[in-house]
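Engineer: from the sequence below, what's the structure:
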Amino acid sequence: SSSSSSSSSPTKKRRQQRRRSSSSFFTFDGTFDEKSSNKDVYDGVARDIVDSIVTGINGTIFAYGQTSSGKSYTMRGNGGEGRDDEEGIIQMAGRDIFTHVSKNPDREYLVRASFLEIYNERVRDLLSKEECTAATALAVREDPK
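Structural biologist: All right, here's what the predicted structure looks like:
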């Protein structure tokens, strides 16, 4: 349920970390090791985004990493299958968003969400029941500028 890391536990305070790779710099909020739970990742990175979303700020939670590093499991959990019933970031975020909405009945909310996967240069809508093929993959458009 984690990306690669040399850190043994998530930090409560968000901080920017930088890694140099060739001539590029990559900035990221934190890293988590294989002992981190999905809740650790949610609390360490995603909860602040969800807290901003309920105040009207758009947010994106993006999982990136090499194949088999745990991105899908971190985002979706195990879906109630298997020995553990660990929720993913999607379930935790949804619960927190709708808990906030239900506690504020005097305010009107419009909640929109997209769940996308980019794999082998194909963008797939995870809410669609259709299998991702070249015909059903979402189009990727580049800005000509």
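Engineer: what are the ranges of the strands in the chain?
Structural biologist: 17-21, 24-28, 116-119, 122-125 (DSSP state E).
Engineer: worst average pLDDT in these?
Structural biologist: When these are compared by mean pLDDT, strand 17-21 comes last with a mean of 55.
Engineer: hey, which of the strands of the chain is tucked in deepest?
Structural biologist: strand 122-125 (a mean of 15; mean count of other C-beta atoms under 10 Å). Placement of C-beta: from N, CA and C, glycine included.
Engineer: what packs against it?
Structural biologist: strand 116-119 (3 or more C-beta pairs under 8 Å, 6 or more residues apart in numbering; DSSP states H and E).
Engineer: quick one: the strand it packs on to chain centroid distance?
Structural biologist: 12 Å (C-alpha atoms, centre = their mean, to the nearest Å).
Engineer: contacting residues for the residue nearest to the spatial centre of the chain?
Structural biologist: Closest to where the C-alpha atoms of the chain average out (C-alpha atoms, centre = their mean) is Ile61, at 3.8 Å. With contacts defined as C-beta atoms under 8 Å, 6 or more residues apart in numbering, the neighbours of Ile61 are Val45, Ala46, Ile49, Met75, Ile89, Ala93.
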